[in-house]
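Trainee: Quick one: sequence plus predicted model below, questions after.
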Amino acid sequence: SHPPALLFEAMKYFEEESPQADEYIRRIKGDLGVAVKKCIEAAGYEFVPELQQQLLQAASFGKSFVEFYSPDYFVNTCKIIRVLNALRDPSIGIPLTYDQFKSLTPRVVIDRLLNRHQHLLAFFICDFLKMKQDQVLVH
């Protein structure tokens, strides 16, 4: 009954090639933009990569039905999720949430990686987020 949940279900039906996917999309047509945003947001808060991927797929599926949808929020959230998943890897051991990452800022996270002697990951994150790499190279 909630638009994001219906969008998630619509994507599953679409993958199964079921006509119910179209029915679900029609039911949330007026709230589709909000449903897409909520699915993207939920993926950012999720710790399980498989569920992150499913939520992002649902958002991507929903975006195709929204006119003039700016992809910026989707792209930026995907980048942050990739960084968070790299940080959460057991070999790195920094299980930050989406909000913690945004609050700390990427620069502080890079500093923490450098303090842990994770120079290569710090360099790749700087490159991926299009940040200056001077700090990493000097360290």
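Mentor: Looks like it came in fine.
Trainee: Tell me the helix or strand right after the longest helix seen in the chain.
Mentor: Looking across the chain with DSSP state H, the single longest helix is helix 72-88. Counting by DSSP states H and E, the next helix or strand C-terminal to helix 72-88 is helix 98-104.
Trainee: Buried residues, that following helix. List them.
Mentor: 98, 101 (16 or more other Cβ atoms under 10 Å). C-betas here are computed from N, CA, C, even on glycine.
Trainee: residues making contact with that helix?
Mentor: Helix 98-104 is contacted by residues 44-45, 80-81, 83-84, 87, 96, 109 when judged by Cβ atoms under 8 Å, 6 or more residues apart in numbering.
Trainee: redo that, cut-off 7 Å
Mentor: 44-45, 80, 84, 109 (Cβ atoms under 7 Å, 6 or more residues apart in numbering).
Trainee: sorry, back to before: distance between the longest helix of the chain and the chain's centre?
Mentor: 5 Å (Cα atoms, centre = their mean, to the nearest Å).
Trainee: can you pull the buried residues of that helix?
Mentor: Applying 16+ other Cβ under 10 Å to helix 72-88 flags 74, 77-78, 80-81, 83-84, 86-87 as buried.
Trainee: and that helix, what other elements does it pack with?
Mentor: Where contact means 3 or more Cβ pairs under 7 Å, 6 or more residues apart in numbering; DSSP states H and E, helix 72-88 is packed against helix 32-45, helix 49-63, helix 98-104, helix 119-128.
Trainee: For the protein, name the helix or strand with the lowest mean pLDDT.
Mentor: The weakest-scoring helix or strand in the chain, judged by mean pLDDT, DSSP states H and E, is helix 134-138 (a mean of 70).
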